[in-house]
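Asker: have a look at this prediction, sequence included:
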Amino acid sequence: MFAMEAVSTVNELFSDLELERLQHRHARFFNICMKMSLLGAAASDALDSGQVVSGVGGQYNFVAMAHALKEARSVLMLKSTHSSHGRLESNIVWSYGHCTIPRHLRDLVVTEYGIADLRGRTDRELIAALLNVADSRFQEGLLAEAKRAGKIATDYRIPGVFRENTPQRLRAGLASMQQAGLFPDFPFGHDFTPEELVLGKALRSLQARSESLTGKLAIAAALLRPVPSAAEPYLLRMGLDRPRGLNQRLLARLVATALPAEVLKSS
């Protein structure tokens, strides 16, 4: 039922170019990137420090094909922000020291706040479009950099409808739909147990808190408290229900401190 093809066939337009153009009309190529500059360049595989995060894979090839094929589009997706060492940073930046997809191949960019159509846009137009899908906590700073570079009018203002790009607004807007069963965390199903679902979120939260000094101090203070009985099913899943030695006892308390309050309130 499957016809496997070589990467050279899937990722490139090499053989019968005219036939492939006919076969792939209206193609859509979706890829994820880490950073997007306000001038339309994307970083997907490495940081500006030179640290390599992943291989490029076929990303560049698919983006290039989107421009070579008739009525095809490239879609680059990214989260608008990320946390680094306890500090929130924007993934939409004025400039970046590494580039995977050059700005002349700019096309569609998607964040949690919307879609920016950059193909064929002037620098001023694409800056305005990307600001509209950036997190509002960083919009003014990004706009100021664009103004200093002379790339957008000094009197330009981000439209009011895009100035509330915040996680709180997204959560409020989706709350009623999620209560109705829409937009679950795993829309295509999963094999996790209820305990594993709770632990996954708890451990991610613990990692985020441990990146800042205040978070580390709060974790240290929590380690002094005894492990509540409601944490036992989760410690059992982690193999920490019967900790041996000081190291495992501390790990058990660490996991217990990361569990959400609604899980522990029954203790």
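Answerer: Thanks, I have it. Note that this is a predicted model, so its numbers are computed, not measured. Numbering: from 1, shown residues only.
Asker: for the chain, what spans make up the helices?
Answerer: Ranges of helices within the chain are 7-10, 17-23, 59-68, 123-131, 136-148, 167-179, 194-209, 213-222, 232-237, 245-258, 261-264, based on DSSP state H.
Asker: in CSV, list the ones you listed along with distance to A46.
Answerer: All C-beta spots, glycine's among them, are computed from the backbone N, C-alpha and C. Below are those laid out as CSV (distance: least, C-beta to C-beta, whole Å):
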stretch, distance to A46
helix 7-10, 21
helix 17-23, 30
helix 59-68, 12
helix 123-131, 21
helix 136-148, 22
helix 167-179, 27
helix 194-209, 22
helix 213-222, 28
helix 232-237, 36
helix 245-258, 31
helix 261-264, 39
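Asker: ok, which of those comes nearest L88?
Answerer: Evaluated with C-beta to C-beta, these place helix 136-148 nearest to L88, the distance being 7.2 Å.
Asker: could you give me the average pLDDT of the closest one?
Answerer: Averaging pLDDT along helix 136-148 yields 98.
Asker: next one: stretch 54-71
Answerer: 90.
Asker: in it, which residues are buried?
Answerer: Of the residues in stretch 54-71, G58, Q59, Y60, N61, F62, V63, A64, M65, A66, L69 count as buried by neighbour count, 16 or more other C-beta atoms under 10 Å.
Asker: from those residues, which is closest to E196?
Answerer: Closest to E196 out of those is Q59 (31.4 Å), distances taken as C-beta to C-beta.
Asker: mind checking how far the nearest residue to the closest one once chain neighbours are set aside is from A129?
Answerer: What sits nearest to Q59 in space, not counting adjacent residues and going by C-beta to C-beta, 6 or more residues apart in numbering, is N31, at 4.7 Å. To A129, N31 is 19 Å away according to C-beta to C-beta, to the nearest Å.
Asker: got the domain boundaries for the protein?
Answerer: 7-171, 194-264 (automatic domain parsing).
Asker: just put these in CSV and tack on distance to P184.
Answerer: Below are these laid out as CSV (distance: least, C-beta to C-beta, whole Å):
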stretch, distance to P184
domain 7-171, 15
domain 194-264, 11
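Asker: closest one to F183 among these?
Answerer: Closest to F183 of the domains of the chain, according to C-beta to C-beta: domain 7-171, at 10.5 Å.
Asker: if we can go back for a sec, mind checking which of the helices of the chain is nearest W94?
Answerer: Of all the helices of the chain, helix 136-148 comes closest under C-beta to C-beta, at 4.0 Å.
Asker: list the buried residues in that closest one.
Answerer: For helix 136-148, the neighbour count (16+ other C-beta under 10 Å) marks S136, F138, Q139, L142, L143, E145, A146 as buried.
Asker: now do that helix against helix 167-179, angle only.
Answerer: For helix 136-148 against helix 167-179, the angle by axes from the mean of the first three to the mean of the last three C-alpha atoms, to 10 degrees is 140 degrees.
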